[in-house]
Structures are given as structure tokens and as C-alpha cells.
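**Student:** take this sequence and fold it.
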Amino acid sequence: MTDNPFKTEHGQKVSVTDRIEMVRTFDAKQCRSALGLFSLQGTVEKALRARLKRLERSPRR
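**Tutor:** Numbers count the residues shown, from 1 in each chain. Below you'll find the model as predicted:
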């Protein structure tokens, strides 16, 4: 079973706007986990892939 990084202590974020806002703070592991979710909105998937690409491209600190 895939961990759902969109779950919070207050429940699950389901709106596209909420999810895209959350993606901005995700690390690579969270992005990969979210990409494995069933019925992911297309716009959210695009945001996840873009975030993952940026993270992989950025130099390690």
C-alpha cells in the first residue's frame, strides 16, 4: 500500500488547489509516493513530476 502524502491530521486534501499547494513542500520521496496514488488529478500529477524534476536537478546541500 502506498503512503498518501496528502493525508493530514485533519483528513485528506482532495481539491486540486490544496494538493498543488502541498506539492510545493514535498521532498522526492513524497512526490514518488503521491505519483503512485489511484485517481490522481492530471494537474496534480504534472505538478508532482515538475517538483520531482526540480529536486533531482538541484545540487545536493
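
**Student:** measure stretch 34-42 end to end?
**Tutor:** Start-to-end span of stretch 34-42 (C-alpha to C-alpha, to the nearest Å) is 12 Å.

**Student:** ugh, wrong one, I meant stretch 21-37
**Tutor:** 17 Å.

**Student:** so which bits of that stretch are buried?
**Tutor:** 22-23, 26, 30-31, 33-34, 37 (16 or more other C-beta atoms under 10 Å). Every C-beta, even on glycine, is put in place using the N, C-alpha and C of the backbone.

**Student:** likewise for stretch 41-59?
**Tutor:** Neighbour counts over stretch 41-59 (16+ other C-beta under 10 Å) mark 44, 47-48, 51-52 as buried.

**Student:** find the helix or strand that residue 14 is a member of.
**Tutor:** Here residue 14, judged by DSSP states H and E, is contained in no helix and no strand.

**Student:** so who does it touch?
**Tutor:** Counting by C-beta atoms under 8 Å, 6 or more residues apart in numbering, residue 14 touches residue 6.
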